[in-house]
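Enquirer: curious how this folds, go ahead:
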Amino acid sequence: MTRGKKRQSRSGKNRRDKRAAQTRRSFLTTAWLWLGGIALAEYLWLAFEFLRPGSRSEARGASATLVVAGPVDRFEPNSVTPFQEGRFYLARLADGSFLALFRECTHLGCTVPWVAEEERFICPCHASAYDITGTVLSPPAPRPLDLYAVRIEHGLVKVDTSEPIHRRSFDPSQAVRS
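Expert: Residues are numbered from 1 along each chain as shown. Below is the predicted model of the structure:
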């Protein structure tokens with residue numbers, strides 16, 4: 001009889017282990033489903049924010065749409081002046097005309113600084129280079145720097161930073177003359 005009791009207790013123990021295993025298994029399954037649901041909700045929220053109209057311009061910090069750069073005489077010909085507000089460079093070309101160049105590289109969106117010693121914009125991420133007009137001098141950038149609309153009113157240079165202007169090449173008509 002001792003032997004029969006041992007068998008019964010082992011089978012009873014096995015049943016308890018199975019029930020405990022099923023409880024652990026169901027808990028882990030439920031936990032993974034909740035975590036997956038949370039991850040899916042976060043992904044959908046990010047996708048919605050990315051696709052929502054106006055979300056990119058807000059992310060770029062384009063709160064001020066019209067930036068008054070200053071009087072025309074303040075900018076020397078063949079010079080580049082950075083503007084933190086609006087995130088652009090105001091380039092005054094050798095002929096005295098103006099271009100407002102958006103700071104983001106057209107390759108991957110890195111901020112491109114103006115390197116005065118080399119007279120070019122050089123992307124620190126992948127070494128794309130642009131001249132003073134924003135034209136690509138060395139790839140991998142696929143196209144010139146984007147522009148902002150420039151206007152000159154009563155001797156003041158004003159830049160509209162509400163929407164960058166995408167372009168395929170530099171055309172002298174893009175530069176605004178005073």
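
Enquirer: which phi and psi values does the spatially most central residue of the chain adopt?
Expert: By C-alpha atoms, centre = their mean, the chain has its centre lying nearest to Gly109, at 5.9 Å. When read as degrees, to the nearest 10, the backbone of Gly109 gives phi 90, psi 10.

Enquirer: buried sites along stretch 109-122?
Expert: Val112, Trp114, Arg120, Phe121, Ile122 (16 or more other C-beta atoms under 10 Å). All C-beta atoms are positioned from the backbone trio N, CA, C, and that covers glycine.

Enquirer: against Gly36, how distant is the third one?
Expert: The one in question is Arg120. Going from Arg120 to Gly36 by C-beta to C-beta, to the nearest Å gives 49 Å.

Enquirer: can you confirm Ala141 is in a helix?
Expert: No - under DSSP: H, G, I helix; E, B strand; the rest coil, Ala141 sits outside any helix and is assigned coil.

Enquirer: quick one: it and Cys125 touch, right?
Expert: No - using C-beta atoms under 8 Å as the test, Ala141 is too far from Cys125 to be in contact (10.3 Å).

Enquirer: what touches both of the two?
Expert: Cys105, His107 (C-beta atoms under 8 Å, 6 or more residues apart in numbering).

Enquirer: between these two, who's got more neighbours?
Expert: When neighbours are counted by other C-beta atoms under 10 Å, Ala141 and Cys125 differ, and Ala141 comes out ahead with 23 against 13.

Enquirer: find the nearest non-adjacent residue to that one, please.
Expert: Spatial nearest neighbour of Ala141, chain neighbours left out: Ser128 (3.7 Å); criterion: C-beta to C-beta, 6 or more residues apart in numbering.

Enquirer: for Trp114, same thing?
Expert: Distance criterion C-beta to C-beta, 6+ apart; nearest residue to Trp114, sequence neighbours excluded, is Val80 at 4.5 Å.
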